[in-house]
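>>> I'll drop the sequence and a predicted model, then ask my questions.
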Amino acid sequence: MSKVLKWVNRNWWVTPIVAFISAQMALALTSFLTGPALLAAVKPDLRKDIYSSLTGSSSGLLGFTLAAVAILAAFAPKTDPGTSKRREREMADARNDIAKCLFVTALFLAIILTVSTIGIGMDTKSNGNPALTSPVVAASFASLIGLLISGLGVTLSILERNSPTPTRR
């Protein structure tokens, strides 16, 4: 178990993927046992409005996420003689980890954007179309998890950057 936790600690990007798979399985099980749930249980007209809202929200967050990835990719370690090379390398690695997680999150936001756009025109059944509603809900959950984890990583990175450098005696 310790090896798995260490691997997850070094690969944050896997967390949104696990969240997506878990949500997808939970939705499939819920739909099988109780019938349509969440987005699939909403009336078709209201579902189209929700798809439209998700399209706008996900496109805005997708742009923000890709901009954040580009900004993080542009940062290089400091080359000041007073800074620790090891600390700067660790900070660069942390930025890369955050960028990977944001990139995976951007993938799920693109899934929401694409499937919601398709759902506006094609999801007209009273019970919803599970091939459309389930991925949208699962990708929304995965995106939320990815944005939260990335935000936490950025916060920790900023706190680490602003903490005083330990001095050696």
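The structure has been received and is ready for your questions.
>>> list the helices and strands the particular helix or strand that has G119 in it packs on?
Element membership of G119 [criterion: DSSP states H and E] is helix 85-122. Contact analysis of helix 85-122 by 3 or more Cβ pairs under 8 Å, 6 or more residues apart in numbering; DSSP states H and E lists helix 14-34, helix 44-74, helix 130-162 as its packing neighbours. In this view, the C-beta of every residue, glycine as well, is placed from N, C-alpha and C.
>>> got the angle between it and helix 130-162?
Taking axes from the mean of the first three to the mean of the last three Cα atoms, to 10 degrees, helix 85-122 and helix 130-162 form an angle of 160 degrees between their directions.
>>> picking up where we left off before, just checking, which of the helices and strands packed on helix 85-122 sits deepest inside the structure?
Ranked by average neighbour count under the criterion mean count of other Cβ atoms under 10 Å, the helices and strands packed on helix 85-122 are headed by helix 130-162 at a mean of 19.
>>> now do the SS call for K125.
Classification of K125 using DSSP: H, G, I helix; E, B strand; the rest coil returns coil.
>>> so where is the protein shaky, pLDDT-wise?
Confidence mapping of the chain against pLDDT under 70 gives the ranges 76-83, 164-169.
>>> 50 - rerun?
Per-residue confidence of the chain (counting by pLDDT under 50) places the weak regions at 168-169.
>>> nearest to T124, of the helices and strands packed on helix 85-122?
T124 lies closest to helix 44-74 among the helices and strands packed on helix 85-122, at 5.5 Å (Cβ to Cβ).
>>> neighbours of the closest residue to S140 other than its chain neighbours, how many?
Distances taken as Cβ to Cβ, 6 or more residues apart in numbering put I112 closest to S140, at 5.9 Å, once the chain neighbours are dropped. Other residues within reach of I112 by the criterion other Cβ atoms under 10 Å amount to 26.
>>> what does the one 10 residues further on give?
Using other Cβ under 10 Å, the number of residues around M122 comes to 13.
>>> contacts only, for it.
When contacts are counted by Cβ atoms under 8 Å, 6 or more residues apart in numbering, M122 touches N129, L132.
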